[in-house]
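Enquirer: Give me coordinates for this.
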Amino acid sequence: SYLDGLGKPTIVPLRDGSRLLPSLIYANPSGEGELLVGDIAVNRCAMTPELVAGDFKRHMGLSRRFRMGNREFTPTELSAVILSRLKQDFESSIGPITSAVISVPAHFQSEARAATLEAARLAGLPCELVINEPTAAILASSTTLDLDGKVLVFDLGGGTFDATIAQVQGSEVEVLTSEGDLDLGGRDFD
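Expert: Predicted coordinates for the structure are as follows:
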C-alpha cells in the first residue's frame, strides 16, 4: 500500500487484481531458473512440493537453507523474490518507489530485521524502516478509525502470530508491549 495525498493508506492491487500474495515460491523446472510467486506456487505445492518453498519468513536471519529441486536458497534470498514481485506489481501500477517501510513479525530479533533489510536491498527496494506488523496495523487503523485508549491487535498471519497493546490518542500511537511466536500461524490451523 501507499499513502495517498490525504495520508490514507491505499492498497495497490497485484497484477492479477488480488490484494494478497501468498508467500510461496515455485521453481519452474521448465524455465531458465524462473521462480514463480503466489497462487501458481500454491497450485503446484500438492503436485511438486519439492519445487516449492514456504515458511521461510520464520527462518529470517538464521542459517537455514531451502532446497527447491537442485537449487538452494536462503530465507533472505527467497524474501527478496517476494519483495521483488511486489515491487514490480506496485511500480507497474503506481510508478517508481522512492522509499519503503516493511512490516515484520513482532518477535523478529535484530538478525531477522537485518536479513529483511538485506532482502529489500537485493530486490532493489529502498527500505527506510522495518516495523512490527501489529504496529503497522494500528498506525493504518488510526488514520481511518476514531481510536482512543488502549488497543489490542492480534496478528495471526500465515506463518506467525503476534499481539501488540498500544495507547492511542488521536494520531499519537505509543506501543506499550509487543510479542509474538514465529512458530505459530494460520498454516498451523489449515
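Enquirer: Put the alpha carbons of the biggest helix by length in the chain into PDB.
Expert: Ranked by residue count and defined by DSSP state H, the top helix of the chain is helix 75-93. What follows is helix 75-93 as a C-alpha-only set of coordinates in PDB (Å, rounded to 0.1, in the frame of the first residue of the first chain):
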ATOM      1  CA  PRO A  75      15.400 -17.200   3.600                       C
ATOM      2  CA  THR A  76      16.800 -13.800   2.700                       C
ATOM      3  CA  GLU A  77      17.100 -14.700  -1.000                       C
ATOM      4  CA  LEU A  78      13.500 -16.100  -1.000                       C
ATOM      5  CA  SER A  79      12.200 -13.000   0.700                       C
ATOM      6  CA  ALA A  80      13.900 -10.900  -1.900                       C
ATOM      7  CA  VAL A  81      12.000 -12.800  -4.600                       C
ATOM      8  CA  ILE A  82       8.700 -11.900  -2.900                       C
ATOM      9  CA  LEU A  83       9.600  -8.300  -2.400                       C
ATOM     10  CA  SER A  84      10.800  -8.000  -6.000                       C
ATOM     11  CA  ARG A  85       7.400  -9.300  -7.200                       C
ATOM     12  CA  LEU A  86       5.600  -6.800  -5.000                       C
ATOM     13  CA  LYS A  87       7.800  -4.000  -6.200                       C
ATOM     14  CA  GLN A  88       7.200  -4.900  -9.900                       C
ATOM     15  CA  ASP A  89       3.400  -5.000  -9.400                       C
ATOM     16  CA  PHE A  90       3.400  -1.700  -7.500                       C
ATOM     17  CA  GLU A  91       5.600   0.100  -9.900                       C
ATOM     18  CA  SER A  92       3.700  -1.100 -13.000                       C
ATOM     19  CA  SER A  93       0.500   0.300 -11.400                       C
END
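Enquirer: Am I right that Asp55 is in contact with Gly186?
Expert: No - judged on CB atoms under 8 Å, Asp55 makes no contact with Gly186 at a distance of 11.5 Å. Placement of C-beta: from N, CA and C, glycine included.
Enquirer: More neighbours: these two, which one.
Expert: Asp55 (19 against 12; other CB atoms under 10 Å).
Enquirer: List the buried residues of stretch 155-164.
Expert: Asp155, Gly157, Gly158, Gly159, Thr160, Phe161, Asp162, Ala163, Thr164 (16 or more other CB atoms under 10 Å).
Enquirer: Counting neighbours, what do you get for the closest residue to the fourth one other than its chain neighbours?
Expert: Yep, that's Gly159 we're talking about. Among residues not flanking Gly159 along the chain, Gly185 sits closest, at 4.0 Å (CB to CB, 6 or more residues apart in numbering). Gly185: 22 surrounding residues under other CB under 10 Å.
Enquirer: distance of Thr116 from Arg15?
Expert: Distance, Thr116 to Arg15, using CB to CB, to the nearest Å: 23 Å.
Enquirer: who has more neighbours, these two?
Expert: Between Thr116 and Arg15, counted using other CB under 10 Å, the more crowded position is Thr116 (25 against 12).
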